[in-house]
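In: A structural model of the following input is requested.
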Amino acid sequence: MNTQISELTNLNWDKSNGLIPAVIQDSVTLQVLMLGYMTQEALALTCSSGKVTFFSRTKNRLWVKGETSGNYLTVVSISPDCDRDTLLILAIPIGNTCHLDGKSCFGDCSTTSLNILTKLENTIEQRYIEKTENSYVSQLFNSGTQRIAQKVGEEGVETALAGVAGDNYALISESADLLFHLLILLTKRRIIFLDVLNELKRRMDQ
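Out: Down below sits the predicted model:
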């Protein structure tokens, strides 16, 4: 978790009678997933366990999100707002967040363009697991890492040629093909795209 415990001191717990609202946001797509409430104990447990923990106002107890369904929220960072009476938590969702089996408790209204990439990655992962016979992606997985890597190389060359040719539509199309096959290669090597984004972030922070 990126947040230091010291950064979460001096929070305003008195404003809402010992509770602080916590907005949970997907760390990759930035989609808002849900809103919950935390006590000081819930926040401490969230920080120590790395799993988002709320105080359930209906059950009147601490509640680890996903304790029943297994759909945990793995904490990436926690940031207080300027008044220090609300928290923004970036998390990696394991499965769907909403109890109605949706990605977000707010429906698709907060879906971002980056979410398309996540959905594509999830579909590719599904093809990896199921090995569907009539699926191009499954066929690539069955052909092995070397063949997938070769396809990435071919698409890379075609993308470069489209850039040199000056055809913007062709460049966009070939870039999409390149990214698609790169996601397949990453999945084959059991690497998630978030790892690539984190590496880019690490370089930016240097």
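In: Residue 77 pairs with what?
Out: On the basis of DSSP bridges, residue 77 is bridged to residue 90.
In: Pretty sure it sits against residue 89.
Out: Yes: taking contacts as Cβ atoms under 8 Å, residue 77 lies within contact range of residue 89: 7.3 Å. Using the backbone N, CA and C atoms, a C-beta is placed for each residue, glycine as well.
In: Those two: which has the busier surroundings?
Out: Remark: of residue 77 and residue 89, residue 89 carries more neighbours, 24 against 14, as counted by other Cβ atoms under 10 Å.
In: Assign a three-state SS to residue 161, would you?
Out: Under DSSP: H, G, I helix; E, B strand; the rest coil, residue 161 falls in the helix class.
In: can you tell me which residues contact it?
Out: Neighbour list for residue 161: residue 174 [criterion: Cβ atoms under 8 Å, 6 or more residues apart in numbering].
In: where's it relative to residue 152, distance?
Out: Distance, residue 161 to residue 152, using Cβ to Cβ, to the nearest Å: 15 Å.
In: Okay, strands next: where are they in the chain?
Out: Along the chain, counting by DSSP state E, strands occupy 20-26, 32-38, 53-56, 61-64, 73-80, 87-93.
In: what stretches of this protein score poorly on pLDDT?
Out: Along the chain, the parts satisfying pLDDT under 70 run over 1-6, 108-114.
In: Excluding covalently adjacent residues, which one is nearest to the most centrally placed residue in it?
Out: Taking Cα atoms, centre = their mean, the centroid of the chain lies closest to residue 28, which sits 3.7 Å from it. Once flanking residues are discounted, residue 28 sits nearest to residue 194: 5.3 Å by Cβ to Cβ, 6 or more residues apart in numbering.
In: how many neighbours does the nearest residue to residue 57 once chain neighbours are set aside have?
Out: Of all residues not flanking residue 57 in the chain, residue 37 sits nearest, at 6.4 Å (Cβ to Cβ, 6+ apart). Neighbour count for residue 37, taken as other Cβ under 10 Å: 17.
In: How about the contacts made by residue 37?
Out: By Cβ under 8 Å, 6+ apart, the residues touching residue 37 are 16, 19-22, 54-55, 57.
In: Give the buried subset of those as a PyMOL selection command.
Out: Selection of buried members from the contacts of residue 37 for PyMOL, criterion 16 or more other Cβ atoms under 10 Å:
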select buried, resi 19+20+22+54+55
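In: Of the contacts of residue 37, which is the nearest to residue 132?
Out: Of all the contacts of residue 37, residue 54 has the smallest distance to residue 132: 38.2 Å, by Cβ to Cβ.
In: how near is the residue located most distally from the centre of the chain to residue 93?
Out: Relative to the mean C-alpha coordinate of the chain, counting by Cα atoms, centre = their mean, the farthest residue is residue 165 (35.5 Å). As judged by Cβ to Cβ, residue 165 and residue 93 stand 41 Å apart.
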